[in-house]
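Trainee: The amino acid sequence is not available; the structure is as follows:
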């Protein structure tokens, strides 16, 4: 089985309102050194045995493009571990 880890974040040019709220809360708690926070999604999947690595990567890319990320406003990256 292959383990897949997908990381989805807003594109850098977009304002991350949730990240700003977290940053403000951290600073109120005394963590003044925090200058930027970006909030995203982390997704783990398990892919059945027998699927070749290139096919897994192609499938995960398709999943991200079609469902897991909004390519208009979000970037994604993923790791496949055999």
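Mentor: Received the coordinates, thanks. Just so we're clear, the structure is a prediction, and the values are computed from it rather than from any experiment.
Trainee: Distance of residue 35 relative to residue 52?
Mentor: 43 Å (Cβ to Cβ, to the nearest Å). Where C-beta positions appear, they are placed from N, C-alpha and C, glycine not excepted.
Trainee: Buried residues, stretch 57-66. List them.
Mentor: Across stretch 57-66, burial judged by 16 or more other Cβ atoms under 10 Å covers 57, 60, 63, 64.
Trainee: Keep only those of those that are in helices.
Mentor: Among the buried residues of stretch 57-66, the members found in helices (DSSP state H) are 57, 60, 63.
Trainee: neighbours of the closest residue to the first one other than its chain neighbours, just the number please.
Mentor: When the adjacent residues along the chain are set aside, residue 57 lies closest to residue 80, with 5.9 Å between them (Cβ to Cβ, 6 or more residues apart in numbering). Each residue near residue 80 was counted by other Cβ atoms under 10 Å, and the total is 18.
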